[in-house]
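Asker: sequence plus the predicted model coming up.
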Amino acid sequence: MAADHSEGLPSDSSQRRPVVIVLVLALASAMANAGASLLSACLPLIKAEFGFSDTQLGLLTGYASAVTIAALAFPITVWAVRWGNSRVFGACMAIYGAATAAFAACGAFWQFVVAQLASGFGPAAEMPLGQAIVSDHYLPERRSGALALYSAGYFLGVTGGLTAGGYLAAQLGWRQAFVVFGLAAVAIAVLQMRVAPDRKAATLPACPPSSGPGQLAAFADLVRNPTYLHITLGFAWASFATFGLTQWMPSFYNRQFGLAPEHASAFFGGAYLMGSLMGLLAGGIIGNRLGGARAERLLAFCMISYALTFPLIAAVLFAPNLQVAFVAHVAATFMGAMPNGPVFAMISNTLPRERRVLGVSVVLLALTLFGAGGGPLLVGMFSDALAAEYGQASLRWALLAVKLLAAVFFLHLGYAWIKARRAPQASAA
């Protein structure tokens, strides 16, 4: 489906400046993603207190929340149409905040799983609804930069959960850290709904009519779009490594270099934040410059950038000291973050407005079923399986194995690149 360059922005003077709305939405995104990294920072403390295996911890950080995110992918689309993007986003964030605070009361593995299931409401709403609101306020040729700015919230959330969460867990205890983060999520949900309220239908750009009734026809439209389909499948495979490494890296630094849990979280968080923010800025600028180009140029940019993460992650895993690991991790995160703005701009531009929430929800569903659920679990399973032979170093080899799974990414984006070159009219740009 071709991009709709005729989209206009509403002239309603009561609306706040788009950049203010994006910044507040990025803050909500940060909070929605902070809970998972807070749990990651607290894994060594939880393991020490309860004696859970790495496989159990991988299940807790993976499919325990991924099931909820997957189950909500389609209902959130319906709720957004009925009650509005911002209102549904705020309600899901409030549920997420209450679930995050509930971790403080957990005393058994099944209780952790239940709390983690409920916490999936925040991430399930953050990506599709937040990106849809941002896309409503920016023209197609400027969306790479706007969505890169919004994506910064994800990286800030991951870093904040690791650094601030790790610090709070060390100073106050891991239970109190979850309470603080839960209350903060509820407060930010209220702020988000006030600053970015749902706009009246009269102020929105006109939507082309749906090609068929119901969610099934809408989903069929997505599947028939080759650019959208292969971008989704490619990043789903890449997400094995993205989520697996993010959840387990603090434990890697704890085991490999002997850092205390709070120091390991702060070390990884610092490298992650520095690299991701620079990568998002660079990717947003490059994406905006390529905004009027054919889709194959954006796809080639994404593939080249992501290819460079492989040797850089290997350098982290086999670094002789912390200094080398830090520099390599900053560089790896920089390269991995650059495609974020351009790829979601391609998705937004190639879909009509009434398909965007569903389109990004399906992307989130794929990332969840593959990466968010499978990545941490596979790392934990590989680590347990290799522990007898490699001891403490088993986690290093497990992380490397899961990273190599992401090579399938290039098959899908390569196919989309070939199709875009052969059929310029199908370009997402």
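Answerer: Yep, it's here.
Asker: for this structure, what helix or strand is lowest in average pLDDT?
Answerer: Among the helices and strands of the chain, helix 214-223 carries the lowest confidence by mean pLDDT, DSSP states H and E, at a mean of 74.
Asker: buried ones in that helix?
Answerer: Residues of helix 214-223 classed as buried by neighbour count (16 or more other CB atoms under 10 Å): Ala218, Phe219, Asp221, Leu222. C-beta coordinates here come from the backbone N, C-alpha and C atoms, glycine included.
Asker: make a markdown table from these and add distance to Ile95 to it.
Answerer: Listed next are the buried residues of helix 214-223 as a markdown table, based on distance: CB to CB, whole Å:
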| residue | distance to Ile95 |
| --- | --- |
| Ala218 | 25 |
| Phe219 | 25 |
| Asp221 | 30 |
| Leu222 | 27 |
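Asker: how far is the least confident helix or strand of the chain from where the chain is centred?
Answerer: Relative to the chain's own centre, helix 214-223 is displaced by 23 Å; criterion: CA atoms, centre = their mean, to the nearest Å.
Asker: also stretch 82-99?
Answerer: Relative to its parent chain, stretch 82-99 has a centroid offset of 17 Å by CA atoms, centre = their mean.
Asker: so the one residue sitting closest to the centre of the chain is in which element?
Answerer: Central residue of the chain (CA atoms, centre = their mean): Tyr154, 6.0 Å from the mean position. In this assignment (DSSP states H and E), Tyr154 forms part of helix 143-172.
Asker: which element follows that helix toward the C-terminus?
Answerer: As assigned by DSSP H and E, the chain's next helix or strand after helix 143-172 is helix 174-195.
Asker: angle of that next one against helix 143-172?
Answerer: With axes from the mean of the first three to the mean of the last three CA atoms, to 10 degrees applied, the angle from helix 174-195 to helix 143-172 works out at 150 degrees.
Asker: give the contact list for the closest residue to Val186 other than its chain neighbours.
Answerer: The shortest distance from Val186 to any non-neighbouring residue, by CB to CB, 6 or more residues apart in numbering, is to Gly97 (3.9 Å). When contacts are counted by CB atoms under 8 Å, 6 or more residues apart in numbering, Gly97 touches Met31, Gly122, Phe181, Gly182, Leu183, Ala184, Ala185, Val186, Ala189.
Asker: next: Phe112.
Answerer: By CB under 8 Å, 6+ apart, Phe112 lies in contact with Ile46, Leu60, Ala64, Phe103, Cys106.
Asker: of all the contacts of Gly97, which two lie farthest apart?
Answerer: Distance extremes for these: the farthest pair is Gly122 and Leu183 at 13.7 Å, using CB to CB.
Asker: which one's more surrounded, those two?
Answerer: Neighbour count, other CB atoms under 10 Å: between Gly122 and Leu183, Gly122 has more, with 31 against 14.
Asker: mind saving the C-alpha coords of the strand or helix carrying that one as CSV?
Answerer: If you go by DSSP H and E, Gly122 is part of helix 121-136. Taking C-alpha atoms only, helix 121-136 is exported to CSV below (Å, rounded to 0.1, in the frame of the first residue of the first chain):
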residue,chain,number,x,y,z
PHE,A,121,-0.5,-3.9,30.0
GLY,A,122,2.0,-1.0,29.9
PRO,A,123,4.3,-2.3,27.1
ALA,A,124,1.3,-3.6,25.2
ALA,A,125,-0.2,-0.1,24.9
GLU,A,126,3.0,1.9,24.7
MET,A,127,4.3,1.0,21.2
PRO,A,128,1.1,1.0,19.1
LEU,A,129,-0.8,3.8,20.8
GLY,A,130,2.1,6.1,21.4
GLN,A,131,3.4,5.8,17.9
ALA,A,132,-0.1,6.4,16.5
ILE,A,133,-0.5,9.6,18.5
VAL,A,134,3.0,10.8,17.3
SER,A,135,2.2,10.0,13.7
ASP,A,136,-1.0,12.0,14.0
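Asker: neighbours around Arg194, how many?
Answerer: Arg194 is flanked by 11 other residues according to other CB under 10 Å.
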